[in-house]
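Asker: this one's sequence-less:
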């Protein structure tokens with residue numbers, strides 16, 4: 001006899017077989033912020049980071065983020081007591097189009113491709129402050145529209161971006177049916 005639970009598990013297995021791996025994301029956009037964004041100075045030292053600084057971190061989680069460095073990549077972070085505790089990366093232009101290309105961006109636009117805060121430092125507003133700082137810095141690189149892709153159920157990231165003035169512009173569902181390598185995207189834009 002089927003129980004409700006076993007029926008749901010069977011449906012999940014069938015869906016996984018048909019649709020394969022999936023992703024459900026919300027796309028956020030920031031059209032240019034003013035230079036007077038309120039950045040707190042109480043949450044550590046905000047700075048542009050080099051790959052060397054990232055690689056020299058005593059935290060494995062921070063060192064792992066060095067993979068996001070390189071051409072047309074910009075790294076920003078929060079240091080507390082000399083240690084990087086929160087880090088984010090923007091990619092621009094060709095780098096983003098060649099390596100990700102999930103969302104279309106132009107040459108004067110940038111995509112925030114990664115943001116990470118050490119688990120013991122979460123909930124202190126560091127990511128929100130870092131997002132604000134990084135937005136100011138990437139603007140100096142000539143980028144006037146910024147994008148971010150956030151997993152639909154990552155409420156903490158969504159809240160941080162919304163608190164910084166980013167707006168939801170679309171939902172994207174990506175599937176890899178029948179375990180194919182090619183994905184199919186379904187984009188649902190917000191009406192404005």
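Answerer: Ah, there it is. Being a predicted model, the structure only gives us computed values, none of them experimental. Residues are numbered from 1 along each chain as shown.
Asker: C-alpha only now, for contacts and for neighbours.
Answerer: OK.
Asker: Show me the strands in the protein, by range?
Answerer: In the chain, the strands defined using DSSP state E lie at 22-31, 45-49, 73-80, 83-92, 109-117, 145-151, 167-175, 184-189.
Asker: The last one to strand 167-175, inter-axis angle?
Answerer: Interaxial angle of strand 184-189 relative to strand 167-175 (axes from the mean of the first three to the mean of the last three Cα atoms, to 10 degrees): 160 degrees.
Asker: How about the first one?
Answerer: With the same axes, to 10 degrees as the basis, strand 22-31 and strand 167-175 are set at 160 degrees to each other.
Asker: Please work out which residues outside the helix or strand bottoming out on mean pLDDT in the chain touch it.
Answerer: When each helix and strand of the chain is scored by mean pLDDT, DSSP states H and E, helix 4-19 comes last, with a mean of 80. Helix 4-19 is contacted from outside by 175, 176, 177, 178, 179, using Cα atoms under 8 Å, 6 or more residues apart in numbering.
Asker: Check the strands of the chain for me and report the most buried one.
Answerer: Scoring the strands of the chain by mean neighbour count under mean count of other Cα atoms under 10 Å gives strand 83-92 as the most buried, with a mean of 24.
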